[in-house]
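1. Below are the sequence and a predicted model for it; my questions follow.
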Amino acid sequence: FWTGTFFATLQWWKSTVEPPMLDAGIPKGVATLVAGFLAGFFATFPNAPGDVVRSVVQKKVFTEPGRPAYGISFNGIVEHVTVAREIVASNGIRGLYSGLGFKAMHLGGSGALMAVLIPFFSKVMGIPYAGV
């Protein structure tokens, strides 16, 4: 979910952030890093609830011997919905965003690197890349 949101918003961030930064004399590479960081940072918000639920489900599988791991199945979906409800019941909606600050900074950094490195390696490897 993060990757789709990142690539869906990257061009908007570039068109919003890069022009004023370039006008201020900031190098294009730095402006692209900032746009990528913002796209990665904000892509974390819709991704966080599913990530928190998945983490809780995985921890239960590892800490409870004999507990079935449903994987991608109807029972797996039911388990994820049940865990999400438990989190909201005990911690409110904020519980679905546990660890958001660290996660957003981490994925912002990943977005910054992707915004710069994907076009670079595309050029180096001779693979056409028109951007997003």
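-> Looks like it came in fine. Residues are numbered from 1 along each chain as shown.
2. how about the helix or strand Ala39 falls within: buried residues?
-> Per DSSP states H and E, Ala39 falls inside helix 28-63. For helix 28-63, a neighbour-count test (16 or more other CB atoms under 10 Å) marks 31-44, 47-49, 51-53, 56-57 as buried. (Glycine included, C-beta is placed from N, CA and C.)
3. before we move on, what about stretch 118-132?
-> Those would be Ile118, for stretch 118-132 by 16+ other CB under 10 Å.
4. quick one: which helix or strand includes Leu107?
-> With elements taken from DSSP H and E, the one containing Leu107 is helix 100-125.
5. tell me what that helix is packed against?
-> helix 2-23, helix 28-63 (3 or more CB pairs under 8 Å, 6 or more residues apart in numbering; DSSP states H and E).
6. can I get those in TSV with distance to Gly109?
-> Formatted as TSV, the helices and strands packed on helix 100-125 follow (distance: least, CB to CB, whole Å):
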stretch	distance to Gly109
helix 2-23	12
helix 28-63	7
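7. Nearest to Tyr70 among the ones you listed would be which one?
-> Across these, Tyr70 has its closest neighbour in helix 28-63 (8.6 Å, CB to CB).
8. How many neighbouring residues does Glu86 have?
-> Using other CB atoms under 10 Å, Glu86 has 13 other residues around it.
9. Tell me the pLDDT of it.
-> pLDDT for Glu86: 97.
10. Any stretches of this protein with poor pLDDT?
-> Low-confidence segments of the chain, defined by pLDDT under 70, are located at 132.
11. again, only using 80
-> 130-132 (pLDDT under 80).
12. do you know how far the residue of it most remote from its centre is from Lys60?
-> Centroid-distance maximum for the chain: Gly66 at 31.8 Å, with CA atoms, centre = their mean. To Lys60, Gly66 is 12 Å away according to CB to CB, to the nearest Å.
13. next one: Asn75
-> 13 Å.
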